[in-house]
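Participant: Fold the following and give me the result.
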Amino acid sequence: MKILIASTPATGHLNPLLAIGRFLIDEGHEVAFLSGSALRSPIERIGATFYAFPAGADFDLRDFATVAPELKTIPPGLEWFRVAMERIFVDAIPAQHRGMQQVLQDFPAEIIVGDDMLFGVLPMLLGPRAERPPIALCGTSFLHWRREDGAPNFAGLPPATTQAERDDCAAVYREHDEHLYQPVGDRLNRLLQTMGVGPLSMPMFDSVVEFADAYLQLTVPSFEFPRSFPSSVHFVGRPPIIPDQAPPPPWAHELDGSRKVVLVTQGTLANHNFGLLIGPTLAALANEPDLLVVATAGGRPVDAIPGPIPANARLSQYLPFEWILPKVDVFVTNGGYGSVNQAMSFGIPLVTAGLTEDKADVNARVAWSGVGINLATKRPRRSRCAKPSAPCSIVRPIARGRCRWPTNSASSTRGPKFFGSSATSPRSRSTRQ
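Facilitator: As a prediction, the model looks like this:
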């Protein structure tokens, strides 16, 4: 079968699709990829044919400001989110659509697989069904579907349990609708009209979930807030980790089980300031000789990690996750959806601190499901080390197996049914005792 995989040109969106593509190639299918030129190398490494988006969509979204420089001067909040959605995702739709049509002329795919932010599929989804192949989208972030408690997505709110909380959620939604959903929706519908389709009567995040022939959410049901979903939605678990994407570090032999291992990362997107999470974590755990604190820079130079670097810290630009995750006792992360699900699949407790992009919502699910602790900040302060919310006071007892997880219904009844046998490993059980 000929399969076209089209990916938003961002590492967090591409990586799970690479894993899916590699699996399909191993199964004997012919796979082509359409994405940004900057991501050509990892695509070709799995044996797929690479096509680049045309101008207007051929981005490198490892830095949003390369596409929308004005984002540098807008503080985090709804205005930043609106500008990012309009400039990076809505305005790219015509070029993404044109790129897919061009590839289909050369590579007549029998199915298109895309990610949840590839809104360039909307003209096809809204057009005649007979004129396109089936389209399956993959949820590489939390499930972008409307909530029944009235809360908006991307606000980091847990499910409301009281009428007062539902009233609060409704108020927050009205603000999001006024400043985000309506302006973005208006811009989107004007654009779709020029392409002869539309208009949409729902937020564009909901639309791709609703209209896709299949929507494959890359997690388990118990890591998603409960609500009714369209019949297109299928929870399929996380994709396999592609092996050998990076070599083991020269200090690999030190992870011999003699010390507990804490892994900390800021992922591959929100990693332009390691003083937000990696720096505070290294400083907070510096005087813990029985802990080995491993930091991965997500592709950036390790020299960018602020010092001094403690004696118990080990740094790497990249790490092979299939090698290190089985050795990790605690995972400290800003909340990248892919790495959070990978850690869960190995039964690793999580400590999360991140508010940008989708991370507030991912981390809200970490706390709600009982798989970790959400610090609900993007910059844990070293000066708070003695306080209960500080990284060191949380990580120490978890890493040493002395932490009792919060005694709420999330940890006892809604914790994810982990993928694979690693979820029932002795280490995983001991950290929850």
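Participant: I'd like the domain boundaries of this structure, if you could list them.
Facilitator: 2-235, 252-431 (automatic domain parsing).
Participant: Adding mean pLDDT, distance to I242 and mean neighbour count, write these out as JSON lines.
Facilitator: Heads up, the C-betas are built off the backbone N, CA and C, glycines and all. Formatted as JSON lines, the domains of the chain follow (pLDDT from 0 to 100; distance: least, C-beta to C-beta, whole Å; neighbours: other C-beta atoms under 10 Å):
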{"stretch": "domain 2-235", "mean pLDDT": "95", "distance to I242": "5", "mean neighbour count": "18"}
{"stretch": "domain 252-431", "mean pLDDT": "75", "distance to I242": "8", "mean neighbour count": "19"}
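Participant: Tell me which of these lies nearest to P243.
Facilitator: The closest of the domains of the chain to P243 is domain 252-431. By C-beta to C-beta, the value is 5.0 Å.
Participant: would you list every one of the helices in the stretch 201-350 of the chain?
Facilitator: In the stretch 201-350 of the chain, the segments counted as helices under DSSP state H, counting those that start in this stretch are 204-211, 278-284, 321-324, 337-345.
Participant: so can I have TSV of the ones you listed showing distance to G21?
Facilitator: Putting the helices of the stretch 201-350 of the chain into TSV (distance: least, C-beta to C-beta, whole Å) gives the following:
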stretch	distance to G21
helix 204-211	20
helix 278-284	30
helix 321-324	17
helix 337-345	15
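Participant: which one of the ones you listed lies closest to D290?
Facilitator: helix 278-284 (14.8 Å).
Participant: and that closest one, what does it pack onto?
Facilitator: strand 260-265, strand 291-296, helix 391-399 (3 or more C-beta pairs under 8 Å, 6 or more residues apart in numbering; DSSP states H and E).
Participant: Tell me the gap between it and the middle of its chain.
Facilitator: 22 Å (C-alpha atoms, centre = their mean, to the nearest Å).
Participant: how about the most centrally placed residue in the chain, what does it touch?
Facilitator: Nearest to the mean C-alpha position of the chain, counting by C-alpha atoms, centre = their mean, stands Y337 at 2.9 Å. Counting by C-beta atoms under 8 Å, 6 or more residues apart in numbering, Y337 makes contact with G12, T140, S141, F142, L218, T219, D358, V362.
Participant: Verify the contact between the second one and G114 for me.
Facilitator: No - the pair formed by T140 and G114 falls short of the contact definition of C-beta atoms under 8 Å, at 9.8 Å.
Participant: So what does Q266 have for phi and psi?
Facilitator: Main-chain dihedrals, Q266, degrees, to the nearest 10: phi -110, psi 20.
Participant: Could you check how far it is from V236?
Facilitator: 27 Å (C-beta to C-beta, to the nearest Å).
Participant: before we move on, back to that, closest to Q245 out of the domains of the chain?
Facilitator: It is, among the domains of the chain and with distance given as C-beta to C-beta, domain 252-431, at 6.2 Å.
Participant: Tell me which helix or strand comes right after the strand or helix carrying E79.
Facilitator: In the assignment (DSSP states H and E), E79 maps to helix 78-84. Counting by DSSP H and E, the next helix or strand C-terminal to helix 78-84 is helix 93-106.
Participant: Grab the nearest non-local neighbour of V236.
Facilitator: L216 (4.9 Å; C-beta to C-beta, 6 or more residues apart in numbering).
Participant: Give the bridge partners for that neighbour, please.
Facilitator: Legend: beta-bridge partners of L216 under DSSP bridges are C138, H234.
Participant: Now do the longest helix anywhere in the chain against helix 337-345, angle only.
Facilitator: Longest helix of the chain, by residue count under DSSP state H: helix 11-26. Angle of helix 11-26 versus helix 337-345, following axes from the mean of the first three to the mean of the last three C-alpha atoms, to 10 degrees, is 70 degrees.
Participant: continuing past helix 11-26, what's the next helix or strand?
Facilitator: Downstream of helix 11-26, the first helix or strand assigned by DSSP H and E is strand 30-35.
Participant: Please identify the pairing partners of that next one and their relative orientation?
Facilitator: Each strand paired with strand 30-35, and its direction, by DSSP bridges: strand 2-6 (parallel), strand 49-52 (parallel).
Participant: For the helix or strand just after it, name the packing helices and strands.
Facilitator: Using DSSP H and E, the helix or strand that follows strand 30-35 in sequence is helix 40-45. In terms of contacts (3+ C-beta pairs under 8 Å, 6+ apart), helix 40-45 is packed against helix 11-26, strand 49-52.
Participant: which outside residues touch the longest one?
Facilitator: This points to helix 11-26. Residues from elsewhere that reach helix 11-26 (C-beta under 8 Å, 6+ apart): 3, 5, 7-8, 31, 33, 35, 39, 42-43, 46-48, 62, 113, 115-118, 138, 140-141, 218, 238-242, 267-269, 299, 336-338.
Participant: okay, that helix in PDB with CA atoms only?
Facilitator: Provided in PDB are the C-alpha atoms of helix 11-26 (Å, rounded to 0.1, in the frame of the first residue of the first chain):
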ATOM      1  CA  THR A  11      10.000  17.500  16.200                       C
ATOM      2  CA  GLY A  12       7.300  16.700  18.700                       C
ATOM      3  CA  HIS A  13       4.800  16.100  15.900                       C
ATOM      4  CA  LEU A  14       7.200  14.300  13.500                       C
ATOM      5  CA  ASN A  15       8.700  11.800  16.000                       C
ATOM      6  CA  PRO A  16       5.600   9.700  16.600                       C
ATOM      7  CA  LEU A  17       4.800   9.700  12.900                       C
ATOM      8  CA  LEU A  18       8.400   8.600  12.200                       C
ATOM      9  CA  ALA A  19       7.800   5.600  14.500                       C
ATOM     10  CA  ILE A  20       4.500   4.800  12.700                       C
ATOM     11  CA  GLY A  21       6.200   5.200   9.300                       C
ATOM     12  CA  ARG A  22       9.100   2.900  10.300                       C
ATOM     13  CA  PHE A  23       6.600   0.300  11.400                       C
ATOM     14  CA  LEU A  24       4.700   0.500   8.100                       C
ATOM     15  CA  ILE A  25       7.800   0.200   6.100                       C
ATOM     16  CA  ASP A  26       8.800  -2.900   8.100                       C
END
